[in-house]
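J.: Here is the input, now give the coordinates:
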Amino acid sequence: MDRRKVVVTGIGPVTPVGIGVHDFWAGLTTGRNGVRTITAFDTSDLSVSVAGEIADWDAGRFLDTKTARRTDPYAQYAIAAAQLAWDDAGAPEVPSERGGIIMSTGIGGIQTLINQHNVLLEKGPGRVSPFMVPMLMANAAAGHIAMRFGLTGPNFCVVSACASSNHALGEGMRLIRDGYVDLCIAGGSEASTIPLTVSAFSQMTALTKNPDPETASRPFDADRNGFVLSEGGCALILESEEHAKARGARIYAEVAGYGASDDAHHITAPDPKGSGATLAMRWALKDAGEEPEAVDYINAHGTSTGLNDAAETAGIKAALGDEKAHAVAISSTKSMTGHMLGAAGAVEGAACALAIAHGVIPPTIHYRTPDPTCDLMYTPNEARELDVRLALSNSFGFGGQNACVAFRRAG
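T.: Numbers count the residues shown, from 1 in each chain. A predicted model of the protein is given here:
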């Protein structure tokens, strides 16, 4: 069976740097910082005080009152992202069974779980909400999106920590490429910025304790000391090229290849040699039928942790070869968005598609002090104009799970 080309026709970001594709892209290319002092709860007893919050979130903009009341914030972000992407794609028509959905999350409805546990303790089991399970389950967002758009094709949730939505994009691409569906809504969402998760990540020494939003997230910088926890969502409309062209859709980029691997090294720490990252990038390039020399841009996982950034740098060198690795443009948009966990891959895939469409590389902001272990070209502080034909988006998660998606100029 011939493999069909898969293209991106709609982008729906709900992020700390902007909601909607135009505001999001303006934020990334101007170096807008989405990291702020936490306002959702009191942090006086916590060692961490910054996060990437969705400022002034209004669920009523996207959901009716009943649905908003019966959905966890992570699902609200996902539904909003899907609607924004759908509208951006021009509200495509597709037979219900030919439309699929893969929406991912790293943690799911943890706010609902904590809230209902408090109800149990304070008011007893008879007051626990009957909607608790459908609100907290990781696949709830995908189910709500299916009902909203009437899509009855393959529908499931990928959960692979911070690699989740990159896996979602790759699996969505495969569904279309192999002929199961003509269109897929793929992406991820997260809403875990609450005292419990902030405390847990902090106890792992994964989060920065830097209270200054302007220097907290600084990937690849020698003074980096942990990631910034963030929230939000992003969905991409993926279509077969044939389906997109038949309806006259605007095409951002082709989803050309996908590679997935595991470090098999440690449950949270990456392999210092970046071996799993290397495999994912190599397999994404092989899947796309491309050589390392063809890569113009890499949107790095780039979390701003000491271990991850150094391991990813090593992995890029191994995947592309030392000479090419030093020449390719790289940036970490987490310097602006913070780390959106299960939503990160979709947000960064959107950045790759937009970089190809507009010929602009988003910067790595807050980069000041070079690190000898991170010695590549990270596009410091200012966006760069560049003709991008082929881009890689890296996502690596706890569990050692890695995913790389290759985006290519369509046509």
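J.: I figured Asn404 was touching Gly274, is that so?
T.: Careful, residue 404 is Cys and not Asn. No. Using C-beta atoms under 8 Å, Cys404 makes no contact with Gly274, being 11.8 Å away. Every residue, glycine included, has its C-beta placed from N, CA and C.
J.: So the two - more neighbours on which side?
T.: Using other C-beta atoms under 10 Å, the more surrounded residue of Cys404 and Gly274 is Cys404, with 32 against 25.
J.: The more buried one looks like it's in a strand, true?
T.: Yes. Under DSSP: H, G, I helix; E, B strand; the rest coil, Cys404 sits within a strand.
J.: can you pull the contacts of it?
T.: 166, 258-260, 277, 280-281, 283-284, 392-395 (C-beta atoms under 8 Å, 6 or more residues apart in numbering).
J.: now do 6 Å
T.: Gly259, Ala280, Met281, Ala284, Leu392, Asn394 (C-beta atoms under 6 Å, 6 or more residues apart in numbering).
J.: give the contact list for the fourth one.
T.: Right, Ala284. Applying C-beta under 6 Å, 6+ apart, the residues near Ala284 are Gly257, Tyr258, Gly259, Cys404, Ala406.
J.: Torsion angles phi and psi at the nearest residue to it once chain neighbours are set aside?
T.: Counting by C-beta to C-beta, 6 or more residues apart in numbering, Ala284 lies nearest to Gly259, which is 3.6 Å off, once chain neighbours are set aside. Gly259 adopts backbone torsions of phi -130, psi 140, taken as degrees, to the nearest 10.
J.: and Gly259, how far is that from Pro73?
T.: 32 Å (C-beta to C-beta, to the nearest Å).
J.: So the residue nearest to Ala284 sits against Ala280, correct?
T.: Yes. Using C-beta atoms under 6 Å, Gly259 is in contact with Ala280, at 4.3 Å.
J.: okay, those two: which has more neighbours?
T.: Ranked by neighbour count (other C-beta under 10 Å), Gly259 and Ala280 place Ala280 first, with 31 against 26.
J.: Show me the shaky parts of this protein.
T.: 1 (pLDDT under 70).
J.: can you list the domains in it?
T.: As given by automatic domain parsing, the domain ranges for the chain are 6-246, 257-408.
J.: Out of those domains, which one sits most buried?
T.: Most buried of those, by mean neighbour count (mean count of other C-beta atoms under 10 Å): domain 257-408, with a mean of 23.
J.: mind listing the strands in the stretch 51-200 of the chain by residue range?
T.: 99-104, 155-156, 183-190 (DSSP state E, counting those that start in this stretch).
J.: now those as CSV including distance to Thr29?
T.: What follows is those, written out as CSV (distance: least, C-beta to C-beta, whole Å):
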stretch, distance to Thr29
strand 99-104, 26
strand 155-156, 34
strand 183-190, 21
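J.: of those strands, which approaches Ser49 most closely?
T.: For the strands of the stretch 51-200 of the chain, proximity to Ser49 was assessed by C-beta to C-beta; strand 183-190 is nearest, at 19.4 Å.
J.: Adjacent strands (with direction) for the closest one?
T.: strand 99-104 (parallel), strand 232-240 (antiparallel) (DSSP bridges).
J.: I'd like to know which of the ones you listed is closest to Gly12.
T.: strand 232-240 (4.5 Å).
J.: out of the strands of the stretch 51-200 of the chain, nearest to Ala138?
T.: It is, among the strands of the stretch 51-200 of the chain and with distance given as C-beta to C-beta, strand 99-104, at 8.1 Å.
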